[in-house]
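A.B. asks: I would like the atomic coordinates for the input below:
(one chain, ligands or ions: 1)
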Amino acid sequence: MKTIQITGGTRLRGRVKISGAKNATLAILSAALLANDKIILENVPDISDVRVMIDIIREMGGEISWLDEECLSIKPPSKISNLPSYREVKKLRASNLLLGPLLAKFGIAQIALPGGCNIGIRPMDLHFKGLAGLGAELVIERGCVKGQAKSLRGARIYLDFPSVGATENIMMAASLAKGSTVIENVAKEPEIVDLANFLNSLGAKVRGAGTDVIKIEGVDSLDQGGRYAVIPDRIEAGTFMVAAAATRGDVLLEGVISQHIEPLIAKLREANVEVTEEGDTLRVKVNQELRPIDIKTMPYPGFPTDMQSQMMALLTIVPGTSVLVENIFENRFQIVDELKRMGANIKVEGRMAVIEGVSSLHGTQVKASDLRAGAALIIAALIAEGVTEINNAFYIARGYQKIEQKLSSLGANIRVS
Ligand code: UD1
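C.D. replies: Residues are numbered from 1 along each chain as shown. This is a model prediction of the structure:
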């Protein structure tokens, strides 16, 4: 997918089924390396980031096949035939999640410093600190992280910042370390809880995921295999919710866990959007004039950085002044110039963006700079007058399954090439 063309002006209406969570799937696929038996993974999103992770694991000797559209059969490698190649790893930031499992299971790891979205510096010091705390030896040589570990042993680790990736890497490695590990100030994202549940389904002993402290009792091996279903993608759900609100539409999301989306629901309600929760569905409707709001991105349960750009697109046409503060990734305002080309009135000062609502946006040629900026440009294009052409749309394919079909079924005028 290179380009998306959208003719704006349609209100989104109808039902949409939310796919499995990208970030949970990437962590769980890495964790599958720790297992000794076959795993069936359900509710897997068929998106390019997941396909890259599958290719990396196959390259190492794992056997993975699609059983149907959203179900994978995974036979983890018993020994590693090749360490991951730079060609694949550079495509995916989340390939850094292979470090912990490789060290814990095979005692050796080598990963080119990962690529991914251009949203900030994204250091790995907390990953290294945690894995070194468990006894791994890590060095960086010529753009590669090289690691070895004769055997890992449990430790007490404090994270200076609740990093999602560092929490996951340490949690996975500690599952096969000797003795107990306590990780303090961990990330509390739903994907962390999903990874802990998956590890426990294999036979690990991980407690406290979803709180500030995770305790892990190491086990000798993870022999249980079995079936596991990934949680729904809260960011895909959030993106459709904001698209529904921005187009003044009426959309029912199916297959969501609304508790995971609470920070966004609260902000949308503050902006006058009607959100109704019922079972595993959420209905998003707009019946009155929207109000400007202020948002600060924070680690979960704060407002997710992965929804910041989409909210910015919505706020461009909300009368009055809204303020967005980005506290997680420093480069997440690259979308501002693209939105301004569509007629938005936004000023950026450091980590703060001030948005003055305009009466309308107009279609033009724009370029996605990362996955969520791409999603935000789709929202802007849906509300703009005329035709918008979004270039670099491959970023969007990294994280949204069948986005064109899903939006078309809601009435959007969208074409992909
Ligand atoms: C994950 C998500 C990403 C999401 C982000 C924050 C995956 C595959 N990606 O990314 O979609 O936007 O969480 O919710 O799950 N940091 C350090 N040192 C480290 C690690 C991180 O300083 O060793 C900093 C980062 O620069 C950033 C902040 O911590 O400023 C958050 O990063 P982190 O939570 O680690 O995000 P990721 O795991 O990369």
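
A.B. asks: quick check: Val52 is in a strand.
C.D. replies: No - under DSSP: H, G, I helix; E, B strand; the rest coil, Val52 sits outside any strand and is assigned helix.

A.B. asks: what about it, neighbour count?
C.D. replies: A count of nearby residues for Val52, using other Cβ atoms under 10 Å, gives 20. Where C-beta positions appear, they are placed from N, C-alpha and C, glycine not excepted.

A.B. asks: close enough to count as contact, it and Arg87?
C.D. replies: No - using Cβ atoms under 8 Å, Val52 and Arg87 do not qualify as a contacting pair, with a distance of 10.2 Å.

A.B. asks: burial measure for Arg269, as a count.
C.D. replies: The number of residues packed near Arg269 is 12, by other Cβ under 10 Å.

A.B. asks: residue numbers of this protein in contact with the ligand?
C.D. replies: 23, 26, 93-94, 120-127, 161, 163-166, 187, 305-306, 328-329 (Cβ under 6 Å from any ligand atom).

A.B. asks: among these, which lie within helices?
C.D. replies: Using DSSP state H, Asn23, Leu26, Asp125, Leu126, His127, Val164, Gly165, Ala166 are the members of these that sit in helices.

A.B. asks: burial count for Glu289?
C.D. replies: Using other Cβ under 10 Å, Glu289 is surrounded by 10 other residues.

A.B. asks: then Val182?
C.D. replies: For Val182, using other Cβ under 10 Å, the count is 16.

A.B. asks: what does Arg291 give?
C.D. replies: If you count neighbours by other Cβ under 10 Å, Arg291 ends up with 14.

A.B. asks: look up phi and psi at it.
C.D. replies: Main-chain torsions, Arg291, degrees, to the nearest 10: phi -110, psi 150.

A.B. asks: same thing with Val416?
C.D. replies: Main-chain dihedrals, Val416, degrees, to the nearest 10: phi -120, psi 140.

A.B. asks: which secondary structure element is home to the residue nearest to it when sequence neighbours are not counted?
C.D. replies: Nearest residue to Val416, sequence neighbours excluded (Cβ to Cβ, 6 or more residues apart in numbering): Glu404, at 4.6 Å. Secondary structure assigned from DSSP states H and E places Glu404 in helix 403-409.

A.B. asks: mind listing what's buried along that helix?
C.D. replies: For helix 403-409, a neighbour-count test (16 or more other Cβ atoms under 10 Å) marks Ile403, Glu404, Lys406, Leu407 as buried.

A.B. asks: stretch 130-141 now?
C.D. replies: Gly130, Leu131, Gly133, Leu134, Gly135, Ala136, Leu138.

A.B. asks: tabulate the residues you listed (JSON lines), appending distance to Ala373 and pLDDT.
C.D. replies: Listed next are these as JSON lines, based on distance: Cβ to Cβ, whole Å; pLDDT from 0 to 100:
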{"residue": "Gly130", "distance to Ala373": "30", "pLDDT": "97"}
{"residue": "Leu131", "distance to Ala373": "31", "pLDDT": "97"}
{"residue": "Gly133", "distance to Ala373": "35", "pLDDT": "97"}
{"residue": "Leu134", "distance to Ala373": "36", "pLDDT": "98"}
{"residue": "Gly135", "distance to Ala373": "40", "pLDDT": "97"}
{"residue": "Ala136", "distance to Ala373": "35", "pLDDT": "97"}
{"residue": "Leu138", "distance to Ala373": "32", "pLDDT": "93"}
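
A.B. asks: quick one: end-to-end length of stretch 198-213, please.
C.D. replies: By Cα to Cα, to the nearest Å, the extent of stretch 198-213 from end to end equals 18 Å.

A.B. asks: typed the wrong thing, it's stretch 55-74
C.D. replies: OK, stretch 55-74 end separation, Cα to Cα: 12 Å.

A.B. asks: pLDDT on that stretch, on average?
C.D. replies: Across stretch 55-74, the average pLDDT comes to 96.

A.B. asks: figure out how far that stretch is from the centre of its chain.
C.D. replies: Between the mean C-alpha location of stretch 55-74 and the chain-wide mean there is a distance of 20 Å, by Cα atoms, centre = their mean, to the nearest Å.

A.B. asks: same question for stretch 220-237.
C.D. replies: With Cα atoms, centre = their mean as the basis, stretch 220-237 stands 15 Å off its chain's centre.

A.B. asks: need the residues that contact stretch 123-138.
C.D. replies: For stretch 123-138, contacts defined as Cβ atoms under 8 Å, 6 or more residues apart in numbering pick out 96, 99-100, 103, 113, 145-157, 159-161, 163, 165-166, 169-170, 173-174, 177, 181, 183.

A.B. asks: can you do 6 Å?
C.D. replies: Here stretch 123-138 makes contact (Cβ atoms under 6 Å, 6 or more residues apart in numbering) with 103, 147-149, 152-153, 155, 157, 159, 163, 166, 169-170, 173, 177.

A.B. asks: confirm Lys347 sits in a strand?
C.D. replies: Yes - the assignment for Lys347 is a strand, going by three-state DSSP.

A.B. asks: output the lowest mean pLDDT helix or strand found in the chain.
C.D. replies: When the helices and strands of the chain are scored by mean pLDDT, DSSP states H and E, helix 86-89 comes last with a mean of 81.

A.B. asks: the helix or strand just after that helix packs against which elements?
C.D. replies: Going down the chain from helix 86-89, the next helix or strand is helix 99-106, by DSSP H and E. The contact analysis (3 or more Cβ pairs under 6 Å, 6 or more residues apart in numbering; DSSP states H and E) places helix 99-106 against strand 108-112, helix 164-175.

A.B. asks: tell me which of those is the most buried.
C.D. replies: Compared across the helices and strands packed on helix 99-106, helix 164-175 shows the largest average neighbour count, a mean of 28 (mean count of other Cβ atoms under 10 Å).

A.B. asks: now it: how far from the chain's centre is it?
C.D. replies: Counting by Cα atoms, centre = their mean, helix 164-175 comes out at 16 Å from the chain centroid.

A.B. asks: average pLDDT for it, rounded please.
C.D. replies: Per-residue pLDDT values over helix 164-175 give a mean of 98.

A.B. asks: what's it packed up against?
C.D. replies: Partner elements for helix 164-175 (3+ Cβ pairs under 6 Å, 6+ apart): helix 99-106, helix 125-133, helix 190-202.

A.B. asks: out of the residues of the chain next to the ligand, which end up buried?
C.D. replies: Buried members of the residues of the chain next to the ligand, counted by 16+ other Cβ under 10 Å: 23, 26, 93-94, 122, 124, 126-127, 163-166, 187, 305-306, 328-329.
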